[in-house]
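A.B. asks: give me a 3D structure for the following:
(one chain, ligands or ions: 1)
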Amino acid sequence: MTNSEIKATLSFSDGSPSLEMPIYKGTVGPDVIDIRKLYATTGMFTYDPGFMSTAACNSSITYIDGDKGELLYRGYPIEQLAVNGGDFLETCYLLLNGELPNAAEKEKFVATVTNHTMVHEQMQFFFRGFRRDAHPMSVLVGTVGALASFYHDSLDINDPHHREVSAIRLIAKMPTLVAMAYKYSIGQPFVYPRNDLSYSANFMHMMFSTPCAPYKTNEVLVRALDRILILHADHEQNASTSTVRLAGSSGANPFACIAAGIACLWGPAHGGANEAALSMLEEIGSVDHIPEFIRQVKDKNSGVKLMGFGHRVYKNYDPRAKLMRETCYEVLQELGLQDDPLFKLAMALEKIALEDEYFVSRKLYPNVDFYSGIVQRALGIPTSLFTGIFALARTVGWIAQWKEMISDPEQKIGRPRQLFVGSQTREVQPIEKR
Ligand code: SDX
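C.D. replies: Next up is the predicted model:
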């Protein structure tokens with residue numbers, strides 16, 4: 001972060017004293033105006049619901065250019081990482097440490113993660129308290145938060161070693177917990193992780209193997225899942241990452257912060273969009289129903305949105321959506337489902353939307369969630385678990401951002417203010433006079 005020669009000057013039409021504020025430049029992307037002295041100097045706050053024009057922190061982890069449709073993890077384009085940047089654990093190492101691992105570093109990191117994939121044997125009893133049809137995200141919010149009760153030895157967030165141990169535990173145990181949530185929902189026994197399998201193969205094993213028959217992972221499907229995890233690993237200061245940072249700014253332990261992130265990700269406007277997008281495609285049903293559906297979307301009173309389209313930052317095609325569509329095609333080909341009606345419906349809907357002025361004028365393009373549901377459904381993952389997979393992948397991004405925040409000397413507890421528009425001071429009247 002460097003000081004720009006240009007300053008910002010805030011002046012008032014009533015002749016009140018103007019205020020000069022510094023402007024900082026990052027390595028790439030929009031500059032920022034430092035308004036930290038605004039309230040002390042003018043007695044006024046900025047007003048920015050939804051933080052459309054607010055940078056809450058400085059970060060060196062992930063950069064997005066919404067106009068160009070660019071996404072970089074530590075400077076590496078997502079297209080390179082997803083196609084020839086190795087597997088998800090290499091991306092995890094990169095996000096956590098700032099550099100891709102060499103062979104020795106990768107071997108050590110993989111071994112460390114692999115040897116922390118089991119959860120405490122008592123964790124299974126938390127699952128038993130849920131209904132079998134509980135939404136997996138409710139199970140994950142509960143069980144990830146509960147992890148803190150097993151690790152009193154590593155909850156001191158000011159101890160770098162504790163932060164490192166917690167990061168590994170969360171990355172390693174999320175697949176186990178997500179698979180346990182799935183097994184519990186279908187009444188099958190939990191499957192223990194296996195140390196001889198890769199991260200994504202191990203997850204598929206814990207999800208789909210049973211004690212009754214040997215289970216062999218399909219390398220094409222494992223690679224597809226690995227790519228899904230890479231594409232979802234981090235995404236700058238999105239709603240759930242900002243939730244994790246805000247929770248962490250109070251000093252809450254990492255398990256509590258990640259549980260808060262999972263809760264936020266659950267929303268249909270955020271991580272829940274992949275589940276909602278697939279339900280939308282199933283509801284549309286066939287290509288000839290698309291025009292009527294698009295009409296509803298354009299009718300503001302209908303409340304109908306084109307799920308999997310639009311993005312706060314991307315005002316161009318989400319680069320992850322392109323890669324997700326390729327993965328979708330590869331998986332469907334591998335499974336002999338290239339004529340999958342939902343995939344064809346999705347491509348038809350995308351084509352119509354991208355040619356329709358309503359969506360073009362609002363810069364509504366497919367986002368990462370539009371195709372991810374179709375791929376996950378083809379992998380045998382139930383719709384209700386899609387956001388759980390998103391949470392599994394995003395855990396490394398949340399943790400990397402949380403670690404960066406904790407070690408940022410500028411970090412303070414997050415405490416936004418407000419424009420108060422409620423009642424001024426008034427007297428309480430006794431009930432007989434109300
Ligand atoms: C993720 O932030 C991140 O990085 C998130 C994420 C990540 O990796 O962490 O990328 C993951 O959350 C992707 C987004 C998934 N959500 C969806 O697909 C749900 C559908 N999309 C929308 O709800 C919406 O597009 C948002 C929430 C994603 C973005 O909303 P914004 O930036 O607040 O934009 P907006 O709601 O103000 O929309 C601008 C206009 C409005 O119309 P007008 O008032 O100008 O007439 O576009 C319209 C909106 O009504 N609009 C849509 C629409 N999205 C926006 N109309 C129909 N369908 C949609 N999907």
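A.B. asks: contact residues of this structure facing the ligand?
C.D. replies: Near the ligand, the residues belonging to the chain are 235, 238, 269-271, 273, 297, 305-313, 362, 364, 367-369 when assessed by Cβ under 6 Å from any ligand atom. For glycine as for every other residue, the C-beta is placed from the backbone atoms N, C-alpha and C.
A.B. asks: show me how to select, in ChimeraX, the buried members of those.
C.D. replies: Here is the ChimeraX command that picks out the buried ones among those, judged by 16 or more other Cβ atoms under 10 Å:
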select :235,238,270,271,273,297,305,306,307,308,309,310,311,313,364,367,368,369
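A.B. asks: in helices only, show me the residues of the chain next to the ligand.
C.D. replies: Using DSSP state H to define helices, the subset of these located there is 273, 297, 368, 369.
A.B. asks: which strand runs longest in this structure?
C.D. replies: In the chain, ranked by residue count with DSSP state E as the criterion, the top strand is strand 2-10.
A.B. asks: put the alpha carbons of that one into PDB.
C.D. replies: Taking C-alpha atoms only, strand 2-10 is exported to PDB below (Å, rounded to 0.1, in the frame of the first residue of the first chain):
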ATOM      1  CA  THR A   2       1.500   3.300  -1.000                       C
ATOM      2  CA  ASN A   3       0.400   6.900  -0.600                       C
ATOM      3  CA  SER A   4      -0.900   8.600  -3.700                       C
ATOM      4  CA  GLU A   5       0.400  12.100  -4.500                       C
ATOM      5  CA  ILE A   6      -3.300  13.000  -5.000                       C
ATOM      6  CA  LYS A   7      -5.300  13.800  -1.800                       C
ATOM      7  CA  ALA A   8      -9.100  13.700  -1.500                       C
ATOM      8  CA  THR A   9     -10.800  16.900  -0.300                       C
ATOM      9  CA  LEU A  10     -14.200  16.900   1.200                       C
END
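A.B. asks: which residues sit in contact with residue 246?
C.D. replies: Applying Cβ atoms under 8 Å, 6 or more residues apart in numbering to residue 246 gives the contacts 260, 414.
A.B. asks: got phi/psi on residue 77?
C.D. replies: phi -60, psi 140 (degrees, to the nearest 10).
A.B. asks: residue 41 against residue 19, yeah?
C.D. replies: Yes. Using Cβ atoms under 8 Å as the test, residue 41 is close enough to residue 19 to be in contact (5.3 Å).
A.B. asks: run through the neighbouring helices and strands of whatever helix or strand comes next after the longest strand of the chain.
C.D. replies: Elements were assigned by DSSP states H and E; along the chain past strand 2-10, the next helix or strand is strand 19-25. Judged by 3 or more Cβ pairs under 8 Å, 6 or more residues apart in numbering; DSSP states H and E, the packing partners of strand 19-25 are strand 2-10, strand 32-33, helix 38-42.
A.B. asks: quick check: the residue of this protein nearest the ligand.
C.D. replies: Ranked by Cβ to the nearest ligand atom, the top residue of the chain for proximity to the ligand is residue 310, at 2.3 Å.
A.B. asks: grab the nearest non-local neighbour of that residue.
C.D. replies: With sequence-adjacent residues excluded and distances taken as Cβ to Cβ, 6 or more residues apart in numbering, residue 310 is closest to residue 364, at 4.4 Å.
A.B. asks: wait, what's in contact with that neighbour?
C.D. replies: Under the criterion of Cβ under 8 Å, 6+ apart, the neighbours of residue 364 are 306, 309, 310, 353.
A.B. asks: would you mark the buried spots in the helix or strand hosting residue 146?
C.D. replies: Secondary-structure assignment from DSSP H and E places residue 146 in helix 136-147. Across helix 136-147, burial judged by 16+ other Cβ under 10 Å covers 136, 137, 139, 140, 141, 142, 143, 144, 145, 146, 147.
A.B. asks: can you pull the buried residues of the helix or strand following it?
C.D. replies: The first helix or strand that comes after helix 136-147 along the chain, using DSSP H and E, is helix 160-186. Using 16+ other Cβ under 10 Å as the test for burial, helix 160-186 gives 162-163, 165-185.
A.B. asks: which is the next helix or strand following helix 160-186?
C.D. replies: Towards the C-terminus, the helix or strand next in line after helix 160-186, according to DSSP H and E, is helix 199-208.
A.B. asks: for the next helix or strand after that following helix, packing partners?
C.D. replies: Using DSSP H and E, the helix or strand that follows helix 199-208 towards the C-terminus is helix 219-231. If you count contacts as 3+ Cβ pairs under 8 Å, 6+ apart, helix 219-231 packs onto helix 78-84, helix 88-97, helix 199-208, helix 319-334, helix 368-378, helix 386-406.
A.B. asks: mean pLDDT for the ones you listed - can I get that in TSV?
C.D. replies: Conversion of those to TSV gives the following (pLDDT from 0 to 100):
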stretch	mean pLDDT
helix 78-84	91
helix 88-97	98
helix 199-208	98
helix 319-334	91
helix 368-378	90
helix 386-406	97
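A.B. asks: could those go into JSON lines alongside distance to residue 222?
C.D. replies: Below are the helices and strands packed on helix 219-231 laid out as JSON lines (distance: least, Cβ to Cβ, whole Å):
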{"stretch": "helix 78-84", "distance to residue 222": "15"}
{"stretch": "helix 88-97", "distance to residue 222": "10"}
{"stretch": "helix 199-208", "distance to residue 222": "5"}
{"stretch": "helix 319-334", "distance to residue 222": "11"}
{"stretch": "helix 368-378", "distance to residue 222": "13"}
{"stretch": "helix 386-406", "distance to residue 222": "14"}
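A.B. asks: pull the contacting residues for residue 318.
C.D. replies: Neighbour list for residue 318: 69, 311, 365, 366, 367, 368 [criterion: Cβ under 8 Å, 6+ apart].
A.B. asks: my read: residue 320 touches residue 231, true?
C.D. replies: Yes. Between residue 320 and residue 231 a contact is recorded at 4.4 Å, counting by Cβ under 8 Å.
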